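Novice: fold the stuff below for me.
(one chain, ligands or ions: 2)
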Amino acid sequence: METPELNHFDVILIGSGTSAYYCATPLLEAGKKVAIIDSRPFGGTCALRGCQPKKYFVANAEAVAMGRQLVGKGIEAAPRTDWKALQALKGEFLEGRSEEEVEDWREAGATPIRGEARMVAEDAIEVDGRRLTAETIVLATGGTPVQLDIPGSEHVGVSDDFLDLPDLPERILFVGGGYISCEFAFVAAHAGAKVTILQRSDRILKNFDGEMVGVLLEAAKELGIEIRTEEEVRAVEKVGEALKVTTSTGAVLETDAVFEAAGRAPNLSVLDGHDGGVETNRSGVVVDEFMRSVSNPRVFAIGDCAASGMDLAAVADEHGKAVAKSLLGDELVRPRLEVVPSATFTIPSLASVGLGEDEAREKGLAFQVHKNLSISWASSKRIGENHAGYKVLVSEEDGSILGAHLARHDAAEVINVFALAIKHGIKADDLASFPWAYPTMSSDVKNMVG
Ligand SMILES: Cc1cc2nc3c(=O)[nH]c(=O)nc-3n(C[C@H](O)[C@H](O)[C@H](O)COP(=O)(O)OP(=O)(O)OC[C@H]3O[C@@H](n4cnc5c(N)ncnc54)[C@H](O)[C@@H]3O)c2cc1C
Ligand SMILES: NC(=O)c1ccc[n+]([C@@H]2O[C@H](COP(=O)([O-])OP(=O)(O)OC[C@H]3O[C@@H](n4cnc5c(N)ncnc54)[C@H](O)[C@@H]3O)[C@@H](O)[C@H]2O)c1
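Specialist: Ligands and ions are numbered 1, 2, ... in the order given. Predicted coordinates:
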């Protein structure tokens, strides 16, 4: 029989993803008694089923793309993806990761628990038949793919399934034209699959600048990725080994695999049965500016399960850090998310930070637009890049950077320079005159603002 003290914690974190990591670490360093619970292997989406494993596939596709682009320009034969070997490499990265993480938490003084947690009171949860109470409960439960409600949905996979494909199907159809589909589409197409994307509205990647998406669309077209906009899936039927996809336009498309990435919903199964006094809406747990539940002050929500901000790893991290500071200090602390760069790991990658052109106009700001294709630049030529461009908005008032939008190799790296410039008020002139290590992708920044 366990004593009540063993079941009472300063903080219980439900979820062991990146937001939980950044929240729990300072709490443990400060000597707090912390339980971390996860129903799946420890580590969460980013480390095990998202950002990190995905980058193995992206790195492979980038190598193949670059090799192919340079055939006849110093490379003799185009490289090809060995999908099984790539899966093995990714497997090596994941092997033992969760177990190590559990061990690390134990060494740091936490109580890691594997099991499905449910709120049973405003200050209590149940997991694995145990009732645990806490001064503070932090929900860090992430998100799950939005499930398609269509006949034949049992034949439709999600991102986890794509990342674990033992063999690459010849033909793949992705439902949704957002981050996940677009990234996977370039991976699959560069690895040799015939890829189709179905996008419900009139354009893909709506969070990104339309002209930069245009650059990506050219690359997709050249690679043979078919992007069908204003078209939804209505039904999927298995016919022999193939799948027949009927769409909203009446088209019937034959493919070998269908994956849906039509957005992710907050995972709030922890509130099934008892809501713990925690108010939620479609976007997640309703929180105040400090990530505290508006209806139960004992509960905080961080990362993708909170109805706040973009579902990105760095945002989740910042939520976690802010909540830890709030719990350790005398005052509540807001996450610092005034400037959040974002990128798609497509080929080329798209990246964006700050205001879009339309947004800046709606705000009535006076600004110059520095934009162009950059395929004639040495940085593109030396890697055989055929699709690249940039758009930077510079304030006419004080020369500050209002927004930056890139479509090119390493855009996801270079965007961080613009993000820091926006955050710290570094002006276009400063960027233009800085002695960048040369020649690098970031030294091109001076040509984008001059
Ligand atoms: C394919 C893919 C690629 C992505 N790529 C990027 C990228 O390149 N860059 C980027 O910034 N973001 C990316 N993201 C988004 C990023 O992964 C998420 O924003 C981030 O992981 C959210 O972290 P989190 O801590 O909120 O939740 P998660 O990491 O999702 O962790 C939540 C955990 O809670 C557990 N859980 C849920 N309910 C319960 C319960 N009742 N009891 C016990 N445990 C529970 C789950 O098992 C899960 O492990 C990607 C996402 C996907 C799916
Ligand atoms: N590089 C990154 O930072 C990265 C990578 C992957 C995922 N993520 C995060 O994960 C989240 C989820 O990614 P996602 O790609 O699933 O969602 P998303 O929100 O990026 O895109 C979903 C797309 O699907 C479309 N759609 C919705 N329902 C549809 C339907 N029935 N038929 C056809 N199209 C439909 C939407 O209009 C939208 O364009 C992202 O919003 C992002 O926050 C980030």
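
Novice: use CA for all of it now, contacts and neighbours both
Specialist: Will do.

Novice: next SSE downstream of the lengthiest helix in the chain?
Specialist: What stands out as the longest helix in the chain, according to DSSP state H, is helix 51-69. The helix or strand immediately downstream of helix 51-69 is helix 83-94, counting by DSSP states H and E.

Novice: quick one: that next one to chain centroid distance?
Specialist: Averaging C-alpha positions (CA atoms, centre = their mean, to the nearest Å) puts helix 83-94 21 Å from its chain's average.

Novice: what angle do helix 51-69 and it make with each other?
Specialist: Angle, helix 83-94 to helix 51-69, by axes from the mean of the first three to the mean of the last three CA atoms, to 10 degrees: 140 degrees.

Novice: CA atoms of helix 83-94 as PDB?
Specialist: In PDB, the C-alpha atoms belonging to helix 83-94 read as follows (Å, rounded to 0.1, in the frame of the first residue of the first chain):
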ATOM      1  CA  TRP A  83      14.600   3.600 -48.500                       C
ATOM      2  CA  LYS A  84      15.400   0.600 -46.300                       C
ATOM      3  CA  ALA A  85      18.800   1.800 -45.500                       C
ATOM      4  CA  LEU A  86      17.400   5.200 -44.700                       C
ATOM      5  CA  GLN A  87      14.800   3.700 -42.400                       C
ATOM      6  CA  ALA A  88      17.600   1.800 -40.700                       C
ATOM      7  CA  LEU A  89      19.500   5.000 -40.200                       C
ATOM      8  CA  LYS A  90      16.500   6.700 -38.700                       C
ATOM      9  CA  GLY A  91      15.900   3.500 -36.600                       C
ATOM     10  CA  GLU A  92      19.400   3.900 -35.100                       C
ATOM     11  CA  PHE A  93      18.700   7.400 -34.100                       C
ATOM     12  CA  LEU A  94      15.500   6.300 -32.300                       C
END
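
Novice: would it count as contacting ligand 1?
Specialist: No. With CA under 6 Å from any ligand atom as the criterion, ligand 1 is not reached by helix 83-94; the gap is at least 13.9 Å.

Novice: buried set for that helix?
Specialist: Neighbour counts over helix 83-94 (16 or more other CA atoms under 10 Å) mark 83, 87, 90 as buried.

Novice: hang on, the earlier thing: in the longest helix of the chain, what's buried?
Specialist: So helix 51-69, judged by 16+ other CA under 10 Å, has buried residues 52-54, 56-58, 60-69.

Novice: list just the nearest of those to residue 421.
Specialist: Residue 421 lies nearest to residue 52 out of the buried residues of helix 51-69, by CA to CA, at 26.6 Å.

Novice: distance check, that closest one against residue 84.
Specialist: Distance check for residue 52 against residue 84: by CA to CA, to the nearest Å, it reads 18 Å.

Novice: and what of residue 115?
Specialist: In this structure, residue 115 and residue 84 are separated by 32 Å, where distance is defined by CA to CA.

Novice: equivalent analysis for residue 368, please.
Specialist: Taking CA to CA as the measure, residue 368 and residue 84 are separated by 49 Å.

Novice: now residue 448
Specialist: Taken as CA to CA, the span from residue 448 to residue 84 is 41 Å.

Novice: what does residue 378 give?
Specialist: Taking CA to CA as the measure, residue 378 falls 35 Å from residue 84.

Novice: wait, what's in contact with residue 406?
Specialist: Shown in contact with residue 406 (CA atoms under 8 Å, 6 or more residues apart in numbering): 212, 349-352, 388-391, 415.

Novice: ligand 2 contacts on the stretch 51-200 of the chain?
Specialist: When proximity is defined as CA under 6 Å from any ligand atom, the stretch 51-200 of the chain approaches ligand 2 at 175-181, 198-200.

Novice: and these, which is closest to ligand 1?
Specialist: Taking CA to the nearest ligand atom as the measure, residue 180 is the one of those closest to ligand 1, at 5.7 Å.

Novice: number of residues surrounding the nearest residue to residue 141 once chain neighbours are set aside?
Specialist: In this structure, residue 141 finds its nearest non-sequential neighbour in residue 15, 4.7 Å apart by CA to CA, 6 or more residues apart in numbering. Neighbour count of residue 15, defined by other CA atoms under 10 Å: 29.

Novice: ok so, going back, keep only the contacts of residue 406 that also lie close to ligand 1.
Specialist: Among the contacts of residue 406, ligand 1 is touched by none when using CA under 6 Å from any ligand atom.

Novice: make a PyMOL selection of the buried ones in those.
Specialist: Here is the PyMOL command that selects the buried residues among the contacts of residue 406 (16+ other CA under 10 Å):
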select buried, resi 212+349+350+351+352+388+389+390+391+415
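
Novice: which of the contacts of residue 406 fall within strands?
Specialist: Assignment to strands by DSSP state E places the following of the contacts of residue 406 there: 349-352, 389-391.

Novice: can I get those residues in JSON lines including distance to ligand 2 and pLDDT?
Specialist: JSON lines is the format used below for these (distance: CA to the nearest ligand atom, whole Å; pLDDT from 0 to 100):
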{"residue": "349", "distance to ligand 2": "9", "pLDDT": "98"}
{"residue": "350", "distance to ligand 2": "9", "pLDDT": "98"}
{"residue": "351", "distance to ligand 2": "9", "pLDDT": "98"}
{"residue": "352", "distance to ligand 2": "11", "pLDDT": "98"}
{"residue": "389", "distance to ligand 2": "19", "pLDDT": "98"}
{"residue": "390", "distance to ligand 2": "18", "pLDDT": "98"}
{"residue": "391", "distance to ligand 2": "19", "pLDDT": "98"}
